[in-house]
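Colleague: starting from these lines, generate the structure:
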Amino acid sequence: MRKAPVLADLVEERFDRLILLVGRLNYMWTNTESLLIHLIAGLAGTSKDSAVIIFLTLNTTRARIDLVERLAKMDGRPEGIRDPILEHTKRLGKLSGIRNRFNHCIYSFDPESGNPKTILMRIADRKTDIKMGRTDTLDGEALREIEQVVEDLSTLNRDIWQLITRLDYPV
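Modeller: Numbering: from 1, shown residues only. Alright, predicted model coming up:
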């Protein structure tokens, strides 16, 4: 009769770890994405306050990255400025897919294993039908993937700050 409480404890432990990791992922994401404000200010030759308004007016990460990349690619932009910015925005774009996977879902648990699962909250239109509710199990490997993304975001954050400082962009 002890099996149910053990499984319940396991589910609670995994849920706590998952929520902590997703919270860290969201914190690191928001903190790192907001550095685009300084790149916008520097590339557009405007104040940080104006760049904040531009940043907040663009309501998706993709739009914000596109703006920074387009400003970096403008004619006459030295490659010493353009190339590092494009390298950093490319890294941010790659990490956005994983971040979206864990933010645009709901969570449930496998009743047998106790593993958390994601249920994707997206509709995929096909030629003649739709698909929705794709589920993925969040086993130890998936949780390690989230930890790696948090670490990658932390590194990217430091790299972007170093670039902002080196380019003397508004902070």
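
Colleague: rest of the way, CA atoms for contacts and neighbours
Modeller: OK.

Colleague: who does the lengthiest helix in the chain touch, helix- and strand-wise?
Modeller: Ranked by residue count and defined by DSSP state H, the top helix of the chain is helix 3-33. Packing partners of helix 3-33 (3 or more C-alpha pairs under 8 Å, 6 or more residues apart in numbering; DSSP states H and E): helix 79-103, strand 116-120, helix 140-167.

Colleague: buried residues in the first one?
Modeller: The one in question is helix 79-103. Within helix 79-103, the residues scored as buried using 16 or more other C-alpha atoms under 10 Å are Arg82, Ile85, Leu86, His88, Thr89, Leu92, Leu95, Ser96, Arg99, Phe102.

Colleague: figure out how far the very next helix or strand once past it is from the centre of its chain.
Modeller: The helix or strand immediately downstream of helix 79-103 is strand 105-109, counting by DSSP states H and E. In this view, strand 105-109 has its centroid 18 Å away from the chain centroid, taken as C-alpha atoms, centre = their mean, to the nearest Å.

Colleague: again, but for stretch 12-28
Modeller: Worked out by C-alpha atoms, centre = their mean, stretch 12-28 lies 14 Å from the chain centre.

Colleague: ok, Val11 touching Asn115?
Modeller: Yes - counting by C-alpha atoms under 8 Å, Val11 does reach Asn115; the two are 6.7 Å apart.

Colleague: out of the buried residues of helix 79-103, who's nearest Arg17?
Modeller: Checking the buried residues of helix 79-103 against Arg17 by C-alpha to C-alpha gives Phe102 as the nearest, at 13.7 Å.

Colleague: mutual contacts of Val11 and Asn115, please.
Modeller: Phe109 (C-alpha atoms under 8 Å, 6 or more residues apart in numbering).

Colleague: sorry, back to before: just put the helices and strands packed on helix 3-33 in TSV and tack on mean pLDDT and distance to Glu69.
Modeller: Compiled in TSV, the helices and strands packed on helix 3-33 are given as follows (pLDDT from 0 to 100; distance: least, C-alpha to C-alpha, whole Å):
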stretch	mean pLDDT	distance to Glu69
helix 79-103	94	6
strand 116-120	84	29
helix 140-167	95	14
